[in-house]
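In: Everything below, folded, please.
(2 chains)
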Number of protein chains: 2
Amino acid sequence: MASEEPQNPSPMEPQEGSNKISKKEAAKLERQRRRQEAAAVAAISAVSVEESDPFSGNYDDVALNDLQSKAVSGRKWTEVGSITPELKDQVILIRGRVQTIRPVGKKIAFVVVRERGFTVQCVLTVKVDLVSSQMVKYATSLSKESIVDIEGVVSIPEKPITGSTQQQVEVQISKLYCVNRAVPTLPINIEDAARSEVEIEQALEKGEQLVRVNQDTRLNFRILDIRTPANQGIFRIQCQVENIFRQFLLSEGFVGIHTPKLIAGSSEGGSAVFRLVYKGGVPACLAQSPQLHKQMAICGDFSRVFEIGPVFRAEDSFTHRHLCEFTGLDVEMEIKEHYSEVMDIVDRLFVAMFDSLNENCKKELEAIGKQYPFEPLKYLRKTLRLTFAEGIQMLKEAGVEVDPLGDLNTESERKLGQLVAEKYGTEFYILHKYPQAVRPFYTMPCHDNPSYSNSFDVFIRGEEIISGAQRIHVPEFLEKRAGECGIDVKTISAYIDSFRYGAPPHGGFGVGLERVVMLFCALNNIRKTSLFPRDPQRIAP
Amino acid sequence: MASEEPQNPSPMEPQEGSNKISKKEAAKLERQRRRQEAAAVAAISAVSVEESDPFSGNYDDVALNDLQSKAVSGRKWTEVGSITPELKDQVILIRGRVQTIRPVGKKIAFVVVRERGFTVQCVLTVKVDLVSSQMVKYATSLSKESIVDIEGVVSIPEKPITGSTQQQVEVQISKLYCVNRAVPTLPINIEDAARSEVEIEQALEKGEQLVRVNQDTRLNFRILDIRTPANQGIFRIQCQVENIFRQFLLSEGFVGIHTPKLIAGSSEGGSAVFRLVYKGGVPACLAQSPQLHKQMAICGDFSRVFEIGPVFRAEDSFTHRHLCEFTGLDVEMEIKEHYSEVMDIVDRLFVAMFDSLNENCKKELEAIGKQYPFEPLKYLRKTLRLTFAEGIQMLKEAGVEVDPLGDLNTESERKLGQLVAEKYGTEFYILHKYPQAVRPFYTMPCHDNPSYSNSFDVFIRGEEIISGAQRIHVPEFLEKRAGECGIDVKTISAYIDSFRYGAPPHGGFGVGLERVVMLFCALNNIRKTSLFPRDPQRIAP
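Out: Prediction:
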């Protein structure tokens, strides 16, 4: 790795450059600096890399200069996840993180290397013709989470290695280069961040106090936290949810669109918006949803559209399920007769999604469940639909009184979820025909009772994940409803005008991506399913 | 349609409701209002719907109440695009827009109906037992772009209908209901908006002045403008570009992520940012790219990530290719040795994308080309790579002097595009090893000359669409470079700290979705490929 000579620069490349220092000098300085750092780290055990070692070329910190795209060597790296007994006796090269280092005396060291969630045990043993004791000392000086290149021979251990995912193999190290060192003391240790509550409690029963990493510390050092197997699983599941959503809709004739997040006026009103000043001093805000523009796309003849993108809510909600920025999965479609056509899409889309996740993401779900144990979601082949009135009645019969023209609060939603699960055996269902008063101004009222609306919410495990409805497609009626809801009609005139040029009846729904993942996996906090969450108290990292 | 009785409300539904008006009354009032409107429209030809017509149930405006999800009738609508001679003599029901209406005397009217870009000619002929002359009058009163339901029998015309996409069939209308009326005078006519420059000029040669709709008018009435065949094609192509991008990367082991758009501090510096005040009075801005967070995801062990989402640039650029908000396609990946690994992905990804568009989007490309004629993009099976120095040299030999350590301006980029096309026969190529001074602070300098960097731009038809590079993964070096570039290191400390816990060498690139579509189709303005564009002078609709 350090043995390649820099290639001759192409004759066409200018050779001047004011800040230029000799490349050899740079490499040397950098290597020196790295060694000093390594020496400091290992000071306690008085280890240092000694130049007198005849095998000193087999281990070292890689100089920065050698990592600046110096050359393409043609070497092949083997992925840790693909190291299996079939590779026995082969020399392989791997790159990964030092997950743990365990010296045994001064002649042996075990290094567990991790890459993309897979781990393999590598063994360094002093050998007269290959491995010096200095090399073992060097290995034990490496800090956890450092990136290393390891060359070695695949061997089969006598007993399976229980501490790594690749249990049937080991790697006998012949070369060891540190590509990038982690600081010696990490703000959180990955094994602490990966620990389940059950483990902590079981240890406590034995009188042992294990570290519990709290949510805020995790989020402050998110790039360490997301290295845990559970988090690797969560965000791969998230990617799959989005992918299934998209592929299902494409197969049903929907078109994916992108609508602006910078909006003049006050978006769709309702909850608080983030305001800013646009070019030319024009007051603007961040879209709370693509609602208005996705409807405009329908008026623009796209028939069926979806959008995946950020939505912004400047709400002061400090709950386990609200964020100031999250990823909205939005759908809008022409309807021929009835908003049940929209619910049909919801039904088939989500059943297909749950099926696919259970089928194709077993490894990820297992990794999540190991740290955060959960029961698989119960859902029916054909999604249950109850009217709001039927829901109210169920609650009433269970002794919970709810305003028949008001909204359900979190508590009654949960209770209803329990009742539905008991009665119908599903944790995923649709509640429709909500009171008009609790829905946005653009919601179409019921044909036979304007106190109710052609709208629905969808619940997983007693929590709302989807909101949808038929929309008002008649501009005069829309204007009237906006006015009644206290919205300044002038600020949404472009939206209302969209319906003056021939507007088809239509409806749609919006889903919170983070909520779907949180509730499918029965996680207790939406911050667990947002890569870099934003809440009223957090805008970093 | 109007014949269905409202269903009995479920006994569980509350019947109270303060604003309630009788449903029958509402329907009647609404129908009256619609009729009055229709009558006004048709006033010139003194047409009105007469109650005395025994066939009056076969045509009318549908009352709003009947469009409020009254019932599911079980009727099936046939898509206009699927009406073919195989349906001869069958009774079908279609919903679409009235594209044109042409009366022939008082007994015949031709109505061309459009749905999802497909059109079919429908014929209304007075028949003693079915169609009254009043019904023909009603039809001619309909405004263009209104939404209608038509029931009729499929017949085969003697000669193909050249004015519609379904040329081998007609529909003999038996019932005609207007679902939603467009205003009688549209701000722009679809046929005007769909006209090519060539048509306008050819007409002019014959002394005929056709309407040319300018860009600003189009954007002011975007929802009419996007109904043209070219625009329907453009946004379906855009959806496909995104889809191919995603599917290719997923197949290469990338994970799709979502990073926050609300950022503390000033994003990655450089061009102007949109500022706002976050909760608690914290100063914040909108992300100019997911650059910092996608790199953090790499430090968080995701190995290879991509993101599709909005990026925000508060630049005062009034060019044909800059927007204040556009859709970024971003990629970041670990590299083993060389930034050419990133260019390899660009190469294979875009060749696969162009192949797929040419193969699977023929109809859309044809629709675009009809209004905006263009030559198919020339590209090689293996994408050409030139160094910046080689590019400079080519320009020099062609008599264009360029600062070897400066950037290329739009003009020299175009010129180089021409030279490359002539010499290598490709309009898609990579230019790499840019001067360090013109790249962002996080760009890794070349190993052998710090005046140059491990970076690249990618061009289509002489215009830049992609920018990419190896990144600096060593925190001390990154801090130094940020400082040298005038960035307040404190504002990006979370980003820099990400590299302290073991950071793999990595690189990536960013693509502008709108630019890819614009340049693949050789369009002359990026506003054509943004659904609702945002520029310094436009934040609506």
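
In: Near chain B, which residues of the stretch 101-250 of chain A are found?
Out: Within the stretch 101-250 of chain A, the positions lying close to chain B (C-beta under 8 Å from any C-beta of the partner chain) are A:114-117, A:143, A:145-147, A:179-183, A:186-187, A:221-227, A:232, A:235-236, A:238-239, A:242-243, A:246, A:250. The C-beta positions use only the backbone N, C-alpha and C, and glycine is treated the same way.

In: can you do 7 Å?
Out: By C-beta under 7 Å from any C-beta of the partner chain, the part of the stretch 101-250 of chain A that sits against chain B consists of A:116, A:145-147, A:179-180, A:182-183, A:186, A:223-224, A:226-227, A:232, A:235-236, A:239, A:242-243, A:250.

In: Closest to the centroid, which residue in chain A?
Out: With distances taken as C-alpha atoms, centre = their mean, the residue of chain A nearest its centroid is residue A:235 (3.0 Å).

In: Pretty sure that one sits against residue A:531.
Out: Yes. Assessed by C-beta atoms under 7 Å, residue A:235 is found in contact with residue A:531 at 6.3 Å.

In: that older thread, list the contacts of the residue nearest to the centre of chain A.
Out: Residues in contact with residue A:235 (C-beta atoms under 7 Å, 6 or more residues apart in numbering or on different chains) are A:226, A:531, B:255, B:257.

In: and it, what helix or strand is that in?
Out: In this structure, residue A:235 is located in helix A:229-251 according to DSSP states H and E.

In: now residue A:198
Out: If you go by DSSP H and E, residue A:198 is part of helix A:197-205.

In: what is the mean pLDDT for that helix?
Out: Averaged across helix A:197-205, the pLDDT comes to 96.

In: And stretch A:364-383, by the same measure?
Out: The model assigns stretch A:364-383 a mean pLDDT of 97.

In: where along the stretch 301-450 of chain A do the strands fall?
Out: Secondary structure of the stretch 301-450 of chain A (DSSP state E, counting those that start in this stretch): strands located at A:304-312, A:325-334, A:384-387, A:428-432.

In: buried ones in the longest one?
Out: Across strand A:325-334, burial judged by 16 or more other C-beta atoms under 10 Å in any protein chain shown covers A:325, A:326, A:327, A:328, A:329, A:330, A:331, A:332, A:333, A:334.

In: Quick check: phi and psi on the closest residue in space to residue A:79 that isn't next to it in sequence?
Out: Counting by C-beta to C-beta, 6 or more residues apart in numbering or on different chains, residue A:115 is the residue found nearest to residue A:79 once chain neighbours are left out, at 6.3 Å. Backbone torsions of residue A:115, given as degrees, to the nearest 10, read phi -140, psi 130.

In: ok, how many other residues are close to residue A:410?
Out: Neighbours of residue A:410 under the rule other C-beta atoms under 10 Å in any protein chain shown: 13.

In: same deal with the one 3 residues further on?
Out: Here the number of neighbours of residue A:413 (other C-beta under 10 Å) works out to 18.

In: quick one: pLDDT of it?
Out: Note on residue A:413: pLDDT of 97.

In: List the contacts of the closest residue to it other than its chain neighbours.
Out: Spatial nearest neighbour of residue A:413, excluding adjacent residues (C-beta to C-beta, 6+ apart): residue A:462 at 5.8 Å. Applying C-beta under 7 Å, 6+ apart to residue A:462 gives the contacts A:413, A:414, A:417, A:418.

In: So which of those residues sit within helices?
Out: Taking DSSP state H, the ones among the contacts of residue A:462 that sit in helices are A:413, A:414, A:417, A:418.

In: Can you pull up the residues of the stretch 351-500 of chain A that come close to chain B?
Out: Those residues of the stretch 351-500 of chain A that sit near chain B, judged by C-beta under 7 Å from any C-beta, are A:387, A:389-390, A:393, A:404, A:444-451, A:454, A:470, A:473-474, A:477, A:494, A:498, A:500.

In: rerun that using 8 Å as the cut-off
Out: A:387, A:389-390, A:393, A:404-405, A:433, A:444-452, A:454, A:470, A:473-474, A:477, A:494-495, A:497-498, A:500.

In: pLDDT (mean, whole number) over the longest strand belonging to chain A?
Out: If you go by DSSP state E, chain A has its longest strand at strand A:91-104. Per-region confidence: strand A:91-104 scores 97 on mean pLDDT.

In: Check which residues of it are buried.
Out: Residues A:92, A:93, A:94, A:95, A:96, A:97, A:98, A:99, A:100, A:101, A:103 are the ones in strand A:91-104 that count as buried (16+ other C-beta under 10 Å).

In: which one of those residues is nearest residue A:281?
Out: Residue A:281 lies nearest to residue A:97 out of those, by C-beta to C-beta, at 49.9 Å.

In: Report the beta-bridge partners for that closest one.
Out: According to DSSP bridges, the residues that bridge with residue A:97 are residue A:114, residue A:147.

In: Now do the contacts for it.
Out: Contact analysis of residue A:97 by C-beta atoms under 8 Å, 6 or more residues apart in numbering or on different chains lists A:113, A:114, A:115, A:145, A:146, A:147, A:148, A:227, B:301, B:502.

In: Make CSV out of the residues you listed and add pLDDT, neighbour count and distance to residue A:351.
Out: CSV is the format used below for the contacts of residue A:97 (pLDDT from 0 to 100; neighbours: other C-beta atoms under 10 Å in any protein chain shown; distance: C-beta to C-beta, whole Å):
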residue, pLDDT, neighbour count, distance to residue A:351
A:113, 98, 26, 41
A:114, 97, 21, 36
A:115, 95, 24, 35
A:145, 98, 24, 41
A:146, 98, 24, 45
A:147, 98, 24, 42
A:148, 98, 25, 45
A:227, 97, 24, 33
B:301, 97, 24, 32
B:502, 97, 27, 42
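
In: Which pair in those residues has the greatest spatial separation?
Out: Distances among the contacts of residue A:97 were taken as C-beta to C-beta; the most separated pair is A:148 and A:227, at 15.4 Å.

In: Skipping adjacent residues, who's closest to residue A:474 in space?
Out: Nearest residue to residue A:474 in three dimensions, chain neighbours excluded: residue B:64, at 5.9 Å (C-beta to C-beta, 6+ apart).

In: what's the neighbour count on the one you found?
Out: 23.

In: From what I see, it and residue A:475 are in contact.
Out: No. Look at residue B:64 against residue A:475 with C-beta atoms under 8 Å: they stay out of range, at 11.7 Å.

In: What pLDDT is listed against residue A:4?
Out: In this model, residue A:4 is scored at 36, pLDDT.

In: Is the closest residue to residue A:424 other than its chain neighbours bridged to anything, and to what?
Out: Of all residues not flanking residue A:424 in the chain, residue A:384 sits nearest, at 5.2 Å (C-beta to C-beta, 6+ apart). Counting by DSSP bridges, residue A:384 is bridged to residue A:429.

In: in the stretch 101-250 of chain A, which spans are helices?
Out: Ranges of helices within the stretch 101-250 of chain A are A:133-140, A:190-193, A:197-205, A:215-220, A:222-225, A:229-251, based on DSSP state H, counting those that start in this stretch.

In: out of the residues of the stretch 101-250 of chain A next to chain B, which are buried?
Out: Using 16+ other C-beta under 10 Å, the buried ones in these are A:116, A:145-147, A:179-180, A:182-183, A:186, A:223-224, A:226-227, A:232, A:235-236, A:239, A:242-243.

In: what does the helix holding residue A:198 contact?
Out: Applying C-beta under 8 Å, 6+ apart, the external contacts of helix A:197-205 come out as A:209, A:210, A:212, A:373.

In: Mind picking the one among these that's closest to chain B?
Out: Nearest to chain B among the contacts of helix A:197-205, counting by C-beta to the nearest C-beta, is residue A:212 at 20.1 Å.
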